[in-house]
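Asks: Below is the sequence, then the predicted model.
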Amino acid sequence: MFTPFKNARKFDLVAYALILSLGTMEFVLSSHAASFLNDTSYVELAKSVLNRAEYGFNHKPMTQLPPGLPYLLAFLSKFFGFSYLSMVRLMTVFTTMALLISYRVLSSIQDRYVAAAFSLLLGTSPFLFQFSTTMIFADMPYFFASMLLLWLAIKLDVVKQWRLRQYVLWFAWGVILIATVLLKSVAIALLCAFCGWMGASLIYNREAGKRRLRLFCFMVLAGIVAETGWMIWSSKHQFHEWSIPGYQENYVAQLRLKNANEPELGLANWQDVAVRPFHTADDISAAMVGLFIHKEMAPAWYSPGTLVPLILIVLGLVHSFKKTGGGGLIEWYFFSYEAMFLFWPWDFEPRFFLPVSPFAFLYAWRGLSQVWLSLVDRPRLTGLLTLTLSGLGGVSSLLWGRGVLHPKVSWCLLIWGILALAAIPFVWSHPGAARRASGPLAKRLQLFGRSISLRHGFVTGAIAAACVLGLIVQLRIGIENLSPSVARNDYYPDIEAAQWVQTHSEPDSVVMARKDDLVVHYSDRRVVWFPPSRDAQILMDGIHRYGVEYVVVSYGNDTYWRPTAQECFSALKRAYPGAFQPVHEGPRYTVFEVAPELRQAWAGDATPKDSKIRLQGK
């Protein structure tokens, strides 16, 4: 017993050392930009916390982002400073701790070697590196906190004799749960997971269910109260800047939109809600594949690169639910988290997937194991199903993939064809044939003084190669981070426009811009969000109501919202010719000033449609 335990401890230390090395590289190679880039929402909220102002910024309360991270940043800034570099480095620390804890969680429910492979593949992901070393979002702190909660809950669940240490650990777990709920609204999935886990335990194992109910129920209720309190506060302080649904409302209200990124499409009907999971599932699968093979994948429901991993994840998750008798805590959390995003009205982003990415790979691995067992025990059925899937996938690629640049239909057909050819021999094979055919792969090799099968050697080599390639790309990103060119940043046009406004306008001037958080940060002016609407009357009424003097329109970097600010402003200019005049132009932006005579007319309480500018336009 001593030797395996000793070897396991050595392997754990090696895994920790590798993860810490990756984290150290992230810390050292974080973006060294002179000031904040990309997004400053959390930074501005932290400043309001430090100034003991109302929770919000830009003259309005914040009802979309929970206060957990802003308060945490405000507290930590007293020790580490408030610079962009210090804030980004805090994110890399959270990322490293998240990877360490995720390894502990995975190794408690799966083989250590598999857990290390998952953690290192994720740790060497170029997307994770770029996100952690440049962005100040709540995703990485939430990733760490959620993993810590799951790990502590698993440890508390197996405690037999409770002493002072266990009670302190239980109390700390409850405090972390409440803090996590206030970090990111998606923590609702954690609360749902604990409720589902306790409920399933009462059905499948009554004694375990009662124990878990006594152990976790009180703190879960406290977390629900905290989440409810935040939602009540945000609903009472809701600030509607524009008369369009979506962005200004809380997340629950946004679920009723057809597409939150394009509010002009209006509210969703039941058909829109019903098909939403099918569109999002492709994005989720593509995000997983991209994270672990270190190459971005284009989502398409007919693509084998997204459909096959999705099927493997579902197989692995279903098997895990059956094996654990109603599902363990990890199964319920993954199911709750993904179910929430399947009905999410926003465009899916890879960062949404990060907190559960280790579990996605885990279930894909288990799904692959189930396919292998099925090949051994029922090769004909497995071969027929694979052949049918390949045929349907190939036909679908031909019908719906023509003219699509990514993924290319030729690659889809090639992979479906390979799967079909691989499945054909199994249609006429007998049980056990797959195991006999794989016999040569069971040959033992000596690697670093350890005996390892040829099959495991191939897998280890492939994982090591993927990690090395990912590490090379990370180093390239890191070198760019050390001497970043601000002018190459996607949002540099907004930054430069804001700096011009700061030096060429009065302190009480009002600006309208799409990237309002960055323009607020760099202009130190009140900024009205430029909504994605081509309704000129709505836009002009808002400009009149808020006393807007300058409008910032950037080009080429405005893809998150649809239609773009450029399209919206073009519609506004067509409806009100002569109402705006360009006062400054940069490489990818233009600053427009609202005509002084129009502002004077408004000062006399004239409405936009009665103004001289509008009449002359006709």
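Replies: Perfect, thanks for sending it. Numbering: from 1, shown residues only.
Asks: can you tell me which residues contact T559?
Replies: With contact set as Cβ atoms under 8 Å, 6 or more residues apart in numbering, T559 has no partners. Glycine gets a C-beta too; all of them are placed from N, C-alpha and C.
Asks: Is it in a helix, a strand, or coil?
Replies: coil (DSSP: H, G, I helix; E, B strand; the rest coil).
Asks: does T92 really touch S132, like I thought?
Replies: Yes - using Cβ atoms under 8 Å, T92 makes contact with S132 at a distance of 5.1 Å.
Asks: Compare neighbour counts for the two and give me the winner.
Replies: Legend: neighbour count by other Cβ atoms under 10 Å for T92 and S132, higher for S132 (27 against 22).
Asks: Report the secondary structure element holding the more buried one.
Replies: In the assignment (DSSP states H and E), S132 maps to helix 126-134.
Asks: ranges for the strands of the stretch 401-550 of the chain?
Replies: Here the stretch 401-550 of the chain has its strands, by DSSP state E, counting those that start in this stretch, at 444-447, 450-453, 510-513, 526-529, 550-554.
Asks: What's the mean pLDDT across the second one?
Replies: What strand 450-453 shows for mean pLDDT is 67.
Asks: In the stretch 401-550 of the chain, what residue spans correspond to helices?
Replies: Counting by DSSP state H, counting those that start in this stretch, the stretch 401-550 of the chain has helices at residues 409-427, 433-437, 454-482, 492-504, 516-523, 536-546.
Asks: could those be laid out in TSV, adding distance to R9 and mean neighbour count?
Replies: As requested, those are exported to TSV (distance: least, Cβ to Cβ, whole Å; neighbours: other Cβ atoms under 10 Å):
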stretch	distance to R9	mean neighbour count
helix 409-427	40	17
helix 433-437	33	15
helix 454-482	21	15
helix 492-504	49	20
helix 516-523	47	24
helix 536-546	63	19
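Asks: Quick one: closest of those helices to V168.
Replies: Of all those, it is helix 454-482 that lies closest to V168, at 37.8 Å by Cβ to Cβ.
Asks: What is the closest one packed up against?
Replies: In terms of contacts (3 or more Cβ pairs under 8 Å, 6 or more residues apart in numbering; DSSP states H and E), helix 454-482 is packed against helix 2-28, helix 112-123, helix 126-134, strand 444-447.
Asks: between the third one and helix 454-482, how many degrees?
Replies: Here helix 126-134 runs at an angle of 30 degrees relative to helix 454-482 (axes from the mean of the first three to the mean of the last three Cα atoms, to 10 degrees).
Asks: Mind checking the pLDDT average for the very next helix or strand once past helix 126-134?
Replies: Going down the chain from helix 126-134, the next helix or strand is helix 139-157, by DSSP H and E. Across helix 139-157, the average pLDDT comes to 97.
Asks: Now do the helix or strand following helix 139-157: everything it contacts.
Replies: Sequence order places helix 164-181 as the next helix or strand after helix 139-157, per DSSP H and E. Helix 164-181 has contacts (Cβ under 8 Å, 6+ apart) with 66, 68, 142, 145-146, 148-149, 152-153, 155-156, 159, 187-188, 190-191, 215, 218-220, 222-223, 226-227, 230.
Asks: Now for T92 and S132: what residues contact both?
Replies: 26, 140.
Asks: Quick check, central residue of this protein?
Replies: F352 (1.6 Å; Cα atoms, centre = their mean).
Asks: picking that back up, the inter-axis angle of the helix holding S132 versus helix 2-28?
Replies: Interaxial angle, helix 126-134 versus helix 2-28 (the same axes, to 10 degrees): 60 degrees.
Asks: quick one on the thing from earlier: confidence-wise, which of the helices and strands packed on helix 454-482 is weakest overall?
Replies: Note on the helices and strands packed on helix 454-482: strand 444-447 shows the lowest mean pLDDT, a mean of 64.
Asks: Mind putting the helices and strands packed on helix 454-482 into TSV with distance to K60?
Replies: Shown next, in TSV, are the helices and strands packed on helix 454-482 (distance: least, Cβ to Cβ, whole Å):
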stretch	distance to K60
helix 2-28	34
helix 112-123	37
helix 126-134	27
strand 444-447	61
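Asks: nearest to Y333, of the ones you listed?
Replies: Closest to Y333 of those, according to Cβ to Cβ: helix 112-123, at 15.9 Å.
Asks: Mind giving me the packing neighbours of the closest one?
Replies: In terms of contacts (3+ Cβ pairs under 8 Å, 6+ apart), helix 112-123 is packed against helix 2-28, helix 84-109, helix 270-293, helix 357-377, helix 454-482.
Asks: Need the residues that contact the third one.
Replies: Pointing back at helix 270-293 there. In contact with helix 270-293 (Cβ under 8 Å, 6+ apart) are residues 121-122, 125, 127-128, 258, 268, 296-301, 303, 305-307, 309-310, 313, 338, 341-345, 347-348, 350, 352-354, 357, 360-361, 364, 466.
Asks: Just the buried residues from the residues you listed, in ChimeraX please.
Replies: Filtering the contacts of helix 270-293 down to the buried ones (16 or more other Cβ atoms under 10 Å) takes a single ChimeraX command:
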select :121,122,125,127,128,258,268,297,299,300,303,305,306,307,309,310,313,338,341,342,344,345,347,348,350,352,353,354,357,360,361,364,466
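Asks: from the chain's centre, how far out does the helix or strand encompassing R214 sit?
Replies: Using DSSP H and E, R214 sits in helix 206-236. Per Cα atoms, centre = their mean, to the nearest Å, the displacement of helix 206-236 from the mean C-alpha position of its chain is 24 Å.
Asks: Over to stretch 22-37?
Replies: Distance, centroid of stretch 22-37 to centroid of chain: 20 Å (Cα atoms, centre = their mean).
Asks: want to throw the helices of the stretch 401-550 of the chain into TSV with distance to F292?
Replies: Below are the helices of the stretch 401-550 of the chain laid out as TSV (distance: least, Cβ to Cβ, whole Å):
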stretch	distance to F292
helix 409-427	17
helix 433-437	25
helix 454-482	7
helix 492-504	32
helix 516-523	32
helix 536-546	44
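Asks: In terms of helices and strands, where is the closest residue to E585 other than its chain neighbours?
Replies: Leaving aside its sequence neighbours, E585 sits nearest to V591 (Cβ to Cβ, 6 or more residues apart in numbering; 7.4 Å). Element membership for V591 (DSSP H and E) is strand 589-594.
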